[in-house]
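**Student:** My questions concern the predicted model and sequence given below.
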Amino acid sequence: MNKPLFVIIFLSFLLFRFSISPVFAQDIQVGPTYTIQPGDTLGVIASKFGVSIDDIITINNIENPNILAAGQQIVIPGLEGVTGNLTAETIPLGSSLTSLSVKHQFPVSMLIKLNKITSPEEVYAGSSLILPVTDQISLNRSVAIQPGESILETAAQVNQNPWIMILQNNLEKSWLANPAIPLLYAGNSNEPAQQIGALPFLTSLYFDKLPIIQGQTVKITATGEQGLYLTGSLSGKELHFSPTGDGRYVALQGISALTDPGLVDFSLAVKKTETSKFEISQKVLVQSGFYPEDPPLSVDPQTIDPIYTEPEEQTVKQITSTFTPQQLWSGQFRDPVDDPCYKSIFGVRRIYNGGAYLNYHGGLDYGVCANLNIYAPAAGTVVFTGPLTALGNATYIDHGLGIFTGYGHQAEILVNIGDHVEPGQQIGIIGATGRVTGPHLHWEIWANGVRVNPVQWLENTYP
Ligand SMILES: [Zn+2]
């Protein structure tokens, strides 16, 4: 490129940058606006921005604070120097103050001020931050600079002008580009926004839902070239990534219903060859499942005696923590009974015979509503059948990819270890064996060694 032409391009993009970053201006004192979201109350908005409800009412002349219309814009007081429209967003995996600043074309100092951030640690996957709405430009795609590659080559790969990329990514000198920080660019508007910036070998990496809720199955998806070897961990559990054949690598991991709400560790390592690999790690937010407490239950004391229950827990843990690399099921799971009626939901805290609320309900209980038939909810292999103290006559099915289902309190088991079962095949008869207060089917799902809420599996298709 000849020099004068480059200068013109450079100047025009300086202007371009000016035109896209008027969100903060010293001369307007009105304050930024916020678009009311469904479910917002003045209390929620006030706490989001750390201002008083009274100040919001005064500055906006709100007559009836109980009537807020979603979509209505209100002025947020006390944020001198900031204008434009603000929004609260859940921060995806891989975001940092730097990447958010680039993506929203908003200075890091303003992000810190808006969110009253005192440490970079406060920016974690699943946190909610106040961000400016950037309509003019959407840097919704990203690309990583591969080791040994220049920014010019990287830009060419994604069909972008390297000089725009340098400006948009606040890289004064192109040689400052860091392979660990992906470059953002404006993609085609009908492409979905990536959850994380591209990383070496990967084009995206995301959690299906953030923040994580206690007792949920977390689906972690990475997309990228074939033949990669992915390892990692979430909340201390080793992740198993499986290629799905369509360019995705998926790990399904349960988060215990007893995990303390707060931050847990996520890490991922991607290996292409022995020598070319990279690792990332980030904190991820786990929120309470707000599980209610059941009224105290009276059961046979033997069924809560640790002498019996601990070996049983060990047995079940052992069965459900193996990993079969093949996916044996396809499509959505079906209810294991006809005419499903729930007697007790997953996660409720339980107290037995006057103890403490240290237990939780690890499955979904179906009462007897249509008949006594129990069916396989999806294809798999029977890996356990037999009597247990608390679960009574129990069956476990391995569905592959670390997913297991369990059936408790059966009157009769109609399958044997090693049997392959198809969805809808009858596998047992509802009964009242083990720790029960009446006949029902206790149904549980395990995701990579952790009991999870089965309802998620009835509503979503995995992986
Ligand atoms: Zn149960």
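**Tutor:** That came through fine.
**Student:** make it CA atoms for all contacts and neighbour counts henceforth
**Tutor:** Noted.
**Student:** separation between residue 214 and residue 400?
**Tutor:** Taking CA to CA, to the nearest Å as the measure, residue 214 falls 23 Å from residue 400.
**Student:** same thing with residue 67?
**Tutor:** On the measure of CA to CA, residue 67 and residue 400 end up 51 Å apart.
**Student:** So between these two, which is more surrounded?
**Tutor:** residue 400 (19 against 10; other CA atoms under 10 Å).
**Student:** Am I right that the more buried one is in contact with residue 320?
**Tutor:** No: between residue 400 and residue 320 there is no contact under CA atoms under 8 Å: 10.5 Å.
**Student:** Look at the residue of the stretch 1-150 of the chain found nearest the ion and report its pLDDT.
**Tutor:** In the stretch 1-150 of the chain, the residue that lies nearest the ion is residue 126 (30.7 Å; CA to the ion). Residue 126 carries a pLDDT score of 82 in this model.
**Student:** List the backbone torsions phi and psi for residue 266.
**Tutor:** Reported as degrees, to the nearest 10, the phi and psi values for residue 266 are phi -130, psi 140.
**Student:** Find the residue closest to it in space, skipping its chain neighbours.
**Tutor:** residue 234 (4.5 Å; CA to CA, 6 or more residues apart in numbering).
**Student:** Report the beta-bridge partner residues of the one you found.
**Tutor:** residue 237, residue 266 (DSSP bridges).
**Student:** Pull the number of nearby residues for the closest residue to the residue of the stretch 1-150 of the chain closest to the ion other than its chain neighbours.
**Tutor:** In this structure, residue 126 finds its nearest non-sequential neighbour in residue 211, 4.2 Å apart by CA to CA, 6+ apart. Neighbourhood size, residue 211 [other CA under 10 Å]: 22.
**Student:** Against residue 157, how distant is residue 211?
**Tutor:** Distance from residue 211 to residue 157, by CA to CA: 33 Å.
**Student:** Same check on residue 324?
**Tutor:** On the measure of CA to CA, residue 324 and residue 157 end up 38 Å apart.
**Student:** can you check residue 229 too?
**Tutor:** On the measure of CA to CA, residue 229 and residue 157 end up 24 Å apart.
**Student:** Neighbour count: the two, which is higher?
**Tutor:** When neighbours are counted by other CA under 10 Å, residue 229 comes out ahead of the other of residue 229 and residue 157, with 15 against 10.
**Student:** did I read that right, residue 98 in a helix?
**Tutor:** Yes: membership of residue 98 in a helix is supported by DSSP: H, G, I helix; E, B strand; the rest coil.
**Student:** What's the local residue count around whatever residue of the chain ends up closest to the ion?
**Tutor:** The minimum distance from the chain to the ion, using CA to the ion, falls at residue 442 (4.0 Å). Counted with other CA under 10 Å, the neighbours of residue 442 add up to 28.
**Student:** can you pull up the bridge partners for it?
**Tutor:** Here residue 442, judged by DSSP bridges, has bridge partners residue 365, residue 408.
**Student:** For it, list the residues it contacts.
**Tutor:** By CA atoms under 8 Å, 6 or more residues apart in numbering, the contact list for residue 442 reads 363, 364, 365, 366, 391, 406, 407, 408, 409.
**Student:** And for residue 440?
**Tutor:** 343, 365, 366, 367, 368, 409, 430, 431, 432 are the contacts of residue 440 under CA under 8 Å, 6+ apart.
**Student:** Now the buried members of those residues.
**Tutor:** Buried members of these, counted by 16 or more other CA atoms under 10 Å: 365, 366, 367, 368, 409, 430, 431, 432.
**Student:** What segments of the stretch 51-200 of the chain are strands?
**Tutor:** Along the stretch 51-200 of the chain, the stretches classed as strands by DSSP state E, counting those that start in this stretch are 73-75, 85-90, 128-132, 141-143, 183-185.
**Student:** can I get these in a markdown table with distance to residue 282?
**Tutor:** What follows is the strands of the stretch 51-200 of the chain, written out as a markdown table (distance: least, CA to CA, whole Å):
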| stretch | distance to residue 282 |
| --- | --- |
| strand 73-75 | 34 |
| strand 85-90 | 15 |
| strand 128-132 | 15 |
| strand 141-143 | 18 |
| strand 183-185 | 19 |
